[in-house]
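**Q** Sequence and predicted structure, then a few things I'm wondering about:
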Amino acid sequence: MGLSETDALDVEGIRADFPILQREFDGEQLVYLDNAATSQTPEPVVDAIVDYYHTTNANVHRGLHQLSQEASIAYEDAHDRVAEFIGADGREEVVFTKNTTESMNTVAYAWGLAELGPGDEVVMTEMEHHAALVTWQQIAKRTGAEVKYIRVDDEGYLDMDHARELVTDDTEMVSVVHVSNTLGTVNPVSELVDLAHDHDALAFVDGAQSVPHMPVDVGEMGADFFAFSGHKMCGPTGIGVLYGKEHILEEMQPYLYGGMMISKVTFEDSTWHELPWKFEAGTPVIAQGIALAEACDYLDDIGMDNVKRHGEQLAEYAYDRLTETGDVEVYGPPGDDRAALVSFNLGDVHAHDTSEILNEFAVAIRAGDHCTQPLHDKLGAAASARASFYLYNTREEVDKLVEAVDATRELFA
Ligand code: 7TS
């Protein structure tokens with residue numbers, strides 16, 4: 001069955017919104033398969049940024065002039081739009097940060113340094129991105145807490161029996177990735193959140209690879225904290241989101257201090273602004289926030305269910321085609337049970353060599369450890385090549401990927 005018969009997306013129409021996809025390198029049209037690193041940005045989102053600078057640019061919250069008021073309203077409304085997109089209760093629960101990494105560090109510093117101590121445990125998984133792994137590791141070192149990792153089994157799934165062993169009454173935080181950026185595994189996050197709550201621990205879900213690719217409802221999921229990045233979901237760089245349950249954010253001290261986040265300041269002491277501004281010190285990410293709201297509109301117009309199905313279909317097709325020859329090792333779950341990416345190695349060929357050859361075919365993938373070094377150690381691979389798909393990719397582009405891998409095989413045979 002051709003893609004057009006199975007797919008609910010008008011991919012050609014979507015591609016027209018992304019002029020960058022028309023770029024050619026030495027006569028070869030770009031095949032952009034590095035979406036897990038950064039997605040491309042559609043015209044309406046670029047227009048939102050341009051329009052903001054053409055018509056509305058001013059600092060927010062400060063000025064009483066008309067322009068500042070308009071910028072403030074647009075910026076605040078953007079929080080509501082993002083809250084709606086992920087099923088949060090309102091803007092109080094949505095803090096704009098720089099990226100997922102900063103969202104993670106905000107909680108680690110603001111909550112972790114205050115709440116963790118000797119005897120406490122932070123439970124993560126072996127498939128965490130360094131954004132979580134390194135952050136909690138370092139906060140644990142500073143506080144005397146211990147970190148533990150839920151095992152990943154040979155198929156790339158979490159060992160849930162091990163999870164139930166590791167999460168105990170000593171656990172204070174369970175920090176888990178929703179979708180693995182290396183394996184493509186979709187983790188049972190609601191179950192892990194429930195497990196954390198059964199032991200009075202908090203749960204942090206890293207949604208960097210889920211929010212761009214599937215409908216997410218943080219209320220249903222039950223996570224206490226949730227983080228993602230704008231630049232992986234058709235939004236601009238320079239903006240991330242930290243969702244937190246209102247009553248928890250209320251109790252947390254700020255991580256960054258300065259202007260905008262205060263209520264009353266004297267020479268002796270200060271009090272904090274209301275949520276979410278308490279966590280947005282200094283001039284915030286105004287244009288980026290407004291553009292992220294536009295990205296939410298863009299994705300909702302297409303439908304997140306459709307985006308999800310399209311990505312899964314491409315990943316399954318890529319998995320099937322890449323494994324046809326038997327000399328390509330694909331990491332993670334089977335083709336029909338993974339998110340929109342495929343990490344692999346071709347025989348003994350180093351992933352960097354593979355990506356260099358693919359680059360000659362204008363096929364853009366990522367090669368390396370994808371910020372999951374301990375997971376790669378466990379997989380016994382120093383690096384892997386990763387093709388990651390999004391709503392504008394096609395089956396024909398997967399065919400080009402496979403052709404380029406075939407050429408790599410011939411070169412290294
Ligand atoms: N968590 C996961 C699961 C990720 O995939 C990434 C980025 C991050 C956190 C950090 O996001 P950032 O916006 O703060 O950088 N992952 C990747 C990747 O796989 N290739 O480049 C960045």
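**A** Structure's in. What do you need?
**Q** helix/strand/coil for the closest residue to the ligand within the stretch 301-413 of the chain?
**A** Using CB to the nearest ligand atom, H370 is the residue of the stretch 301-413 of the chain that sits closest to the ligand, at 4.5 Å. Using the backbone N, CA and C atoms, a C-beta is placed for each residue, glycine as well. Following DSSP: H, G, I helix; E, B strand; the rest coil, the label given to H370 is coil.
**Q** Surely it and S343 touch.
**A** Yes - using CB atoms under 8 Å, H370 is in contact with S343, at 7.1 Å.
**Q** quick one: which of the two has more around it?
**A** Neighbour totals were compared for H370 and S343, and S343 leads with 31 against 24 (other CB atoms under 10 Å).
**Q** Give the intersection of the neighbour lists for H370 and S343.
**A** Residues touching both H370 and S343 (CB atoms under 8 Å, 6 or more residues apart in numbering) are 182, 384, 386.
**Q** Tell me the secondary structure at the last one.
**A** Assigned with three-state DSSP, R386 falls in the strand class.
**Q** Now do the same contact list for it.
**A** Contact analysis of R386 by CB under 8 Å, 6+ apart lists 34, 36, 182, 341-344, 365-367, 370.
**Q** Can you give me the domain assignment for this structure?
**A** Following automatic domain parsing, the chain resolves into domains at 11-32+303-411, 46-301.
**Q** Quick check: which helices or strands does the helix or strand encompassing L192 pack against?
**A** If you go by DSSP states H and E, L192 is part of helix 189-198. Helices and strands touching helix 189-198, by 3 or more CB pairs under 8 Å, 6 or more residues apart in numbering; DSSP states H and E, are helix 160-166, strand 171-177, strand 202-206, helix 218-221.
**Q** Show me what the longest helix that the chain contains is packed against.
**A** Longest helix of the chain, by residue count under DSSP state H: helix 66-86. In terms of contacts (3+ CB pairs under 8 Å, 6+ apart), helix 66-86 is packed against strand 94-97, strand 240-244, helix 286-302.
**Q** Which among these is found nearest to the ligand?
**A** Between the ligand and those, the shortest separation by CB to the nearest ligand atom is 6.0 Å, and it involves strand 240-244.
**Q** List the buried residues in the next helix or strand after that closest one.
**A** Per DSSP H and E, the first helix or strand lying C-terminal to strand 240-244 is helix 246-251. Neighbour-count burial for helix 246-251 flags L249 (criterion: 16 or more other CB atoms under 10 Å).
**Q** any idea of the mean pLDDT for helix 246-251?
**A** Helix 246-251 shows a mean pLDDT of 98 in the predicted model.
**Q** Would you mark the buried spots in the following helix or strand past it?
**A** Going down the chain from helix 246-251, the next helix or strand is strand 262-265, by DSSP H and E. Neighbour-count burial for strand 262-265 flags I262 (criterion: 16+ other CB under 10 Å).
**Q** what comes into contact with strand 262-265?
**A** Under CB under 8 Å, 6+ apart, the answer for strand 262-265 is 270-274.
**Q** Name the nearest residue to L192, sequence neighbours excluded.
**A** Leaving aside its sequence neighbours, L192 sits nearest to V176 (CB to CB, 6 or more residues apart in numbering; 5.1 Å).
**Q** So what's the residue count around the one you found?
**A** Neighbourhood size, V176 [other CB under 10 Å]: 25.
**Q** How about the one 4 residues further on?
**A** Here the count is done by other CB under 10 Å, and S180 has 32 residues near it.
**Q** same deal with N359?
**A** Other residues near N359 come to 15 when the count uses other CB under 10 Å.
**Q** Which helix or strand contains it?
**A** N359 belongs to helix 351-360 when elements are defined using DSSP H and E.
**Q** what does the average pLDDT come to for the helix or strand just after that helix?
**A** Later in the chain than helix 351-360, the nearest helix or strand by DSSP H and E is strand 363-364. Average pLDDT, strand 363-364: 98.
**Q** hmm, strand 363-364 in reach of the ligand?
**A** No - residues of strand 363-364 are not located near the ligand by CB under 6 Å from any ligand atom, the shortest gap being 12.3 Å.
**Q** what does stretch 194-210 give?
**A** Yes - contact of stretch 194-210 with the ligand (CB under 6 Å from any ligand atom) involves 206, 208-209.
**Q** quick one: which of those is nearest the ligand?
**A** Nearest to the ligand among the residues of stretch 194-210 next to the ligand, counting by CB to the nearest ligand atom, is A208 at 3.4 Å.
**Q** So that closest one sits against A131, correct?
**A** Yes - if you go by CB under 8 Å, A208 and A131 touch, sitting 7.4 Å apart.
**Q** quick one, phi/psi of S229?
**A** Here is the backbone geometry of S229 (degrees, to the nearest 10): phi -120, psi 140.
**Q** Output the set of residues of the protein in proximity to the ligand.
**A** 36-37, 99-101, 129, 131, 177, 181, 206, 208-209, 229, 240, 366, 370-371.
**Q** Poorly predicted segments of this protein, please.
**A** Where the chain drops to pLDDT under 70, the residues are 1-7.
**Q** Go again with 50.
**A** Judged by pLDDT under 50, the chain has its weakly predicted residues at 1-5.
**Q** Could you pull out the buried residues of the helix holding N359?
**A** So for helix 351-360, counting by 16+ other CB under 10 Å, buried means 351, 353-355, 357-358.
**Q** now swap in stretch 397-413 and tell me
**A** 397-398, 400-402, 404-405, 408-409.
**Q** mind putting these in JSON lines, secondary structure included?
**A** Shown next, in JSON lines, are those (three-state DSSP):
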{"residue": "E397", "secondary structure": "helix"}
{"residue": "V398", "secondary structure": "helix"}
{"residue": "K400", "secondary structure": "helix"}
{"residue": "L401", "secondary structure": "helix"}
{"residue": "V402", "secondary structure": "helix"}
{"residue": "A404", "secondary structure": "helix"}
{"residue": "V405", "secondary structure": "helix"}
{"residue": "T408", "secondary structure": "helix"}
{"residue": "R409", "secondary structure": "helix"}
